[in-house]
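*Asks:* Structure for the following, please:
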Amino acid sequence: MQTESYLALKSRAKNIVHSDIFDAEPLLLSHQWPQLQQAITAIRQKVKAAELWAPHLHKSLGGQGLSVSQLGDLSALLGQSPLGHVCFGCQAPDAGNAELLHLYADERIKNEFLKPLANGDIRSCFAMTEPAMAGSNPTRLNATAELKDGYWHINGHKWFTTGAEGADFAIIMAVTETDKPKHKKASMIIVPTDTPGYSIKRNISVMGSEGHGYFSHGEVIFNDVKVPEHNLLGQRGDGFLMAQQRLGPGRIQHCMRWIGIARRCFEIMCNYIKRRHITDDETLAQQPVMQVKVAESYAAIEAAQHLVQATAERIDQDGYAAAKHDISMIKFHTAQMLQQVMNHAVQALGGLGVTDDTVLSFFYREERAARIYDGPDEVHQLSLAKQLLAKFD
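*Replies:* Numbering: from 1, shown residues only. Presented below is the predicted three-dimensional model:
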């Protein structure tokens, strides 16, 4: 529900996104990492001063305490820039990890990790996906954690651990219950990244870019890493359940972020084709083929926006369980929409579209994986189809 106070918050956020954050993007696109970090730090101070920090967190943790639908709506605004969520302190994976710590950590862990994470003083990463196992099936993991003499001894090989470079701690999914059913085998354990045996093998090159810090995906090794027993989050064997609870709100934010990206790509495309002359008298915008792409893109964005917003409102009213098939639907539908709109925009800009002179190529490179991470399209499509067909038994 968009209350008057929320609309005022969103207006303040829009001013920062469209001025400070857009202005900092060239530092990202030109890989000027030290200067970019300075810019992010300065913008974060401005965000906090405007009482916009950590919109996903409860007010008791220094956040704004937004509802799911409000947070989704704000994510569409922040998603218009790759720097949006980072500057507002609600970027993945920190946002999801903070939620896990809030729900499942004891007071000692909350004081050590949650409070500085919520304030933006430290960073985290989430180590689940493994190179040797299908990432679409998180019940199949090779990483293990064995409890001996009050310590977890962890061994594993993870990759696509987003933001591992510069993170102060990792939350690892590892098998602790070898004799239990597949959905009860894994647990989540906190590992400070300065623990002996923890190492980053590399930042994975994604379509030619290794990225840096927030904007990187690490390959991480856990070689007999030893952490105290109390670093366990929740109960032993509840890792899969906790991961599903973490992904629910995350998918809403991802989908709305993708809508924000799509709107930015659409605006860049329209501004370009209106100015780009193909003859002395005609612009690209006057060509029927371009007009079709504009119409298709706009309709696809609007449809996705309404679908995701309706899902968020249903979650606010009835909870995540009631919106299970809606969440599967918006995940693959919005990811496919985003790819279509990005592709139209890149094509419309021609050679310029594949350069880093605009943000399009960054979006295209980084967000093609939208149809893969947090469950590939096919998994969500199968899940939705099974739920729908069950009604006809």
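*Asks:* on contacts alone, who are the packing partners of the host helix or strand of residue 23?
*Replies:* For residue 23, the element it lies in under DSSP states H and E is helix 22-29. Applying 3 or more Cβ pairs under 8 Å, 6 or more residues apart in numbering; DSSP states H and E, one finds that helix 22-29 contacts helix 33-49. All C-beta spots, glycine's among them, are computed from the backbone N, C-alpha and C.
*Asks:* Now do the helix it packs on against helix 22-29, angle only.
*Replies:* For helix 33-49 against helix 22-29, the angle by axes from the mean of the first three to the mean of the last three Cα atoms, to 10 degrees is 150 degrees.
*Asks:* those strands in this structure, which residues are they?
*Replies:* Using DSSP state E, the strands of the chain run over residues 124-127, 144-148, 151-162, 169-175, 186-192, 198-203, 217-228, 232-233.
*Asks:* closest to residue 27 out of those strands?
*Replies:* strand 198-203 (18.3 Å; Cβ to Cβ).
*Asks:* For that closest one, list every residue counted as buried.
*Replies:* The neighbour-count check on strand 198-203 (16 or more other Cβ atoms under 10 Å) flags 198, 200, 203 as buried.
*Asks:* The second one contacts residue 167, correct?
*Replies:* No - applying Cβ atoms under 8 Å as the test, residue 200 and residue 167 come out as separate, 9.1 Å apart.
*Asks:* Where does the prediction get shaky in the protein?
*Replies:* 1, 248-249 (pLDDT under 70).
*Asks:* domain parsing for it?
*Replies:* 4-101, 124-233, 240-390 (automatic domain parsing).
*Asks:* Now tabulate these in TSV and tack on distance to residue 109.
*Replies:* Output for these, formatted as TSV (distance: least, Cβ to Cβ, whole Å):
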stretch	distance to residue 109
domain 4-101	7
domain 124-233	6
domain 240-390	14
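*Asks:* quick one: which of the ones you listed is nearest residue 118?
*Replies:* Evaluated over the domains of the chain, closeness to residue 118 peaks at domain 4-101, with 4.6 Å, by Cβ to Cβ.
*Asks:* tell me the contacts of residue 41?
*Replies:* By Cβ atoms under 8 Å, 6 or more residues apart in numbering, the contact set of residue 41 is empty.
*Asks:* before we move on, back to that, I'd like to know which of the strands of the chain lies nearest to residue 20.
*Replies:* Using Cβ to Cβ, the strands of the chain put strand 151-162 closest to residue 20, at 23.9 Å.
*Asks:* quick one: the closest one to strand 169-175, angle?
*Replies:* Using the same axes, to 10 degrees: strand 151-162 against strand 169-175 is 110 degrees.
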